[in-house]
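Asks: here is my input, please return the structure:
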Amino acid sequence: MENSNQAILDRILTLELVRVTESAAVAAARLRGQGDEKAADQVAVDAMRTELNRLPIDGKVVIGEGERDEAPMLYIGEEVGTKKGPKVDIALDPLEGTTICAKNLPNSLAVIALAEGGSLLYAPDVYMDKIAVGPGYPEGIVDLDKPAAENLAAMAKHKGCKVGDLTACILDRPRHAKIIEEVRAAGCAIRLIGDGDVAGVIHTTDPEETGIDIYIGIGGAPEGVLAAAALRCIGGQMQGRLILDTPEKVARAAKMGIEDPKRKYSMTEMAKGDVLFAATGVTDGNMLDGVKFSSSEIFTHTIVMRSSSKTVREIKARHQDIGKFG
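Replies: A predicted model of the protein is given here:
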């Protein structure tokens, strides 16, 4: 990017991008535990879009709430920002873990990633097969096409521990019955999660704190790109493959430039160039505290990261101007 554009992104990194996820998180947090996933998601979408349109960028949503016919706002291809700034790709999930928020369970987040135009994987809203590990391993330590036992054995050998000392994070879904059986047969412990696989992938970056060494399984492609963006900033490895298992999905992907429906994407192919990533906690979790409300203040906890500098900032904010959140 040009220096002027770089300066603008620096400012977005420290202030404006944080405000985007803060606003979505606060809006969703007001509906925590009320059992209405759609309502919580919609208020988060509305709040995030409002803040995005204030940013000095010429932004395009490449990973969003869905494709245009399915999502009224923040759909894939939607243009946001003031248009007075750099062209950027945006991947977002205004409420990652809608079920988590509706049930007031841990690790619901408001998440966004931003990169220069053409840097993020432009893909349809389909499932993605994923595998991810944190930093410190040699390149290629795990592979999406290798058996789980082989991947786990390689990790354990490098760490100088037993496979039984590792823990895999897997979404608790019927489709994962086989992989769960394989991982347990290898002797590895499993942390099953009900939702929120962006957080699941990010947790691999700090296993001592989170207890998660590897993420395996099938989740949403949007969450896959967001997770890859986060790992680009923190460090780690990830592979993903879109699950295009019907002619209709293959055709949708082809319209977005996906020529090989069976292609295995590396982390840098899903999120390349200079990447910015921000996440604000909606509910309390391993990585971030959820939004807290008092009679006169709102408290938020955000992590904001950048791939080029490997900078990770935690921002704990106290908002006395409650009216700015609507």
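
Asks: the closest residue to Leu95 other than its chain neighbours in helix, strand or coil?
Replies: Excluding the flanking residues, the one nearest Leu95 by C-beta to C-beta, 6 or more residues apart in numbering is Ala44, at 4.1 Å. Heads up, the C-betas are built off the backbone N, CA and C, glycines and all. What DSSP: H, G, I helix; E, B strand; the rest coil gives for Ala44 is helix.

Asks: and Ala44, what does it touch?
Replies: Ala44 makes contact with 24-25, 27-28, 94-95, 110, 282, according to C-beta atoms under 8 Å, 6 or more residues apart in numbering.

Asks: so what's it scoring on pLDDT?
Replies: Note for Ala44: predicted pLDDT of 96.

Asks: ok, now Ala278?
Replies: 95.

Asks: Provide the partner residues of it in its beta bridges.
Replies: Ile112, Val304 (DSSP bridges).

Asks: contact partners for it?
Replies: Going by C-beta under 8 Å, 6+ apart, the list of residues near Ala278 reads 17-18, 20-21, 111-113, 302-305.

Asks: again, but for Ala27
Replies: Ala27 makes contact with 43-44, 46-47, 325-326, according to C-beta under 8 Å, 6+ apart.

Asks: do you know how far the closest residue to Gly236 other than its chain neighbours is from Lys262?
Replies: Excluding the flanking residues, the one nearest Gly236 by C-beta to C-beta, 6+ apart is Gly134, at 4.6 Å. Going from Gly134 to Lys262 by C-beta to C-beta, to the nearest Å gives 27 Å.

Asks: of the two, who's got more company?
Replies: Gly134 (23 against 8; other C-beta atoms under 10 Å).

Asks: model confidence at that one, what's the number?
Replies: pLDDT, Gly134: 95.

Asks: does it touch Ala227 like I think?
Replies: No - in this structure, Gly134 is not within contact of Ala227 by C-beta atoms under 8 Å, at 11.7 Å.

Asks: mind listing what Pro138 touches?
Replies: Pro138 neighbours (C-beta under 8 Å, 6+ apart): His158.

Asks: distance of it from His158?
Replies: 7 Å.

Asks: just Tyr265 next, same as before
Replies: According to C-beta to C-beta, Tyr265 and His158 sit 23 Å apart.

Asks: now Ala123
Replies: Using C-beta to C-beta, we find Ala123 at a distance of 31 Å from His158.

Asks: the two - which one has more neighbours?
Replies: Per other C-beta under 10 Å, whichever of Ala123 and His158 has more neighbours is Ala123, with 25 against 13.

Asks: can you tell me the closest non-neighbouring residue to the more buried one?
Replies: According to C-beta to C-beta, 6+ apart, the nearest residue to Ala123 is Ala221 (5.1 Å).

Asks: ok, which stretches of the stretch 201-326 of the chain are strands?
Replies: 214-220, 237-242, 265-266, 275-281, 292-293, 298-306, 311-319 (DSSP state E, counting those that start in this stretch).

Asks: end to end on stretch 72-85, go ahead and measure it.
Replies: End-to-end distance of stretch 72-85: 25 Å, with C-alpha to C-alpha, to the nearest Å as the criterion.

Asks: give the buried residues for it.
Replies: 73-76, 78, 80-81, 85 (16 or more other C-beta atoms under 10 Å).

Asks: how near is the closest residue to Gly285 other than its chain neighbours to Arg318?
Replies: Using C-beta to C-beta, 6+ apart and skipping the chain neighbours, the partner closest in space to Gly285 is Asn107 (3.7 Å). To Arg318, Asn107 is 23 Å away according to C-beta to C-beta.
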